[in-house]
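Trainee: Sequence and predicted structure are below.
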Amino acid sequence: MNKQQIITALKAVREQKPLVLNITNYVVMNNSANGLLALGASPIMAHSQDELEELVPLVGAVVINIGTLDSHWIESMEAAVTLANRHGKPVVLDPVGCGVSSLRTHTSRRLAALAERLIIRGNASEIIALAGAAANSKGVDAMDGSEAAVSAGQQLVQQYNANVVISGEADIILGENVDIRLTNGHAIMPFVTGMGCTLSALTGAFAAVGEMSGAAAAAVMGVAGEQAASISPGPGSLQLNLLDTLYRLDAETLENHLSIEVTTA
Ligand SMILES: Nc1ncnc2c1ncn2[C@@H]1O[C@H](COP(=O)(O)OP(=O)(O)OP(=O)(O)O)[C@@H](O)[C@H]1O
Ligand SMILES: Cc1ncsc1CCO
Ligand SMILES: [Mg+2]
């Protein structure tokens, strides 16, 4: 995945406007839906088992975010992933707070094991915990740097046959033969809840148009986030400005501002 392929993937999202099914948390439903719309995709938030059988065949990707899960929702998440497998749809898993409780850790692992076409997107502490090592999180916030999660991420790539996106100051994208580092974004982004969840939702939009590395969404979120931060005095305006910069993001801005380093194995 290079800069040009990322630009092409963004164009594809805007042309195809893929429908993305999100089973996500109460905190970020609105941010994530607005982020998808600003990007040019089409969100649907749903979690009733009674409609998943009809919905999953219609969507381009399924995003599962365990942020506010309970036992009832876990059944829906498992049903959605099973249906995604049956219909050949990609799944993005956001293991929010993995490592903080055994419910979160076990559920994330079960969902990751179940999904056949999978991208895992988490912060460093979540990725470390998902791989079974001791992580330093504070609830849903990472206390580890992205580089500290690389070996855990590589383990997950093998274990779940997935691509892994570790977000943070650097976004590190790991796949079977590729290792990508993106250094956009801004240190103010973690002061708005659900920036990572929005990144996972956007990852679903790109997966729906065949971009299964996870890099394009991280690139777009990083550059749009950076641009939004440059005109935002604080988190309140950042949240709003991000929707505008995502909506306005063009090829030239990506070309000039995306900081990407690709290493192939
Ligand atoms: N220190 C930082 N510098 C630059 N960008 C950052 C920094 N921290 C996070 N980001 C960016 O913020 C976005 C969200 O990443 P983050 O790792 O904070 O997700 P998260 O912890 O899962 O967030 P949440 O759970 O609140 O949704 C990514 O695009 C990432 O690049
Ligand atoms: C704050 C919070 N708590 C559960 S999910 C969530 C949103 C960020 O992940
Ligand atoms: Mg998160």
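Mentor: Right, received. Where do you want to start? Ligands and ions are numbered 1, 2, ... in the order given.
Trainee: Could you list every helix and strand in contact with the helix or strand of the chain with the lowest mean pLDDT?
Mentor: Among the helices and strands of the chain, strand 137-138 carries the lowest confidence by mean pLDDT, DSSP states H and E, at a mean of 81. Taking 3 or more C-beta pairs under 8 Å, 6 or more residues apart in numbering; DSSP states H and E as the contact definition, the neighbouring helices and strands of strand 137-138 are helix 124-130. C-beta: built from backbone N, CA, C; applies to glycine.
Trainee: Up against ligand 3, what does the stretch 151-265 of the chain have?
Mentor: G196 (C-beta under 5 Å from the ion).
Trainee: Output the set of residues of the stretch 151-265 of the chain in proximity to ligand 1.
Mentor: Applying C-beta under 6 Å from any ligand atom, we find that the stretch 151-265 of the chain lies next to ligand 1 at 167-169, 171, 185-187, 189-190, 193-197, 199, 221-222, 225.
Trainee: Mind giving me the ChimeraX command for buried ones among the residues you listed?
Mentor: Selecting the buried subset of these in ChimeraX, with 16 or more other C-beta atoms under 10 Å as the burial test, is done by:
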select :167,168,171,185,186,189,190,193,194,195,196,197,199,221,222,225
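Trainee: Which ones among the residues of the stretch 151-265 of the chain next to ligand 1 lie within helices?
Mentor: In helices, defined here by DSSP state H, the members of those are M195, G196, C197, L199, M221, G222, G225.
Trainee: Please name the two of these that end up farthest apart in the structure.
Mentor: Pairwise distances across those peak at 15.4 Å for C197 and G222 (criterion: C-beta to C-beta).
Trainee: what about the least confident helix or strand of the chain, distance to the chain center?
Mentor: The chain centroid and the centroid of strand 137-138 are separated by 19 Å under C-alpha atoms, centre = their mean, to the nearest Å.
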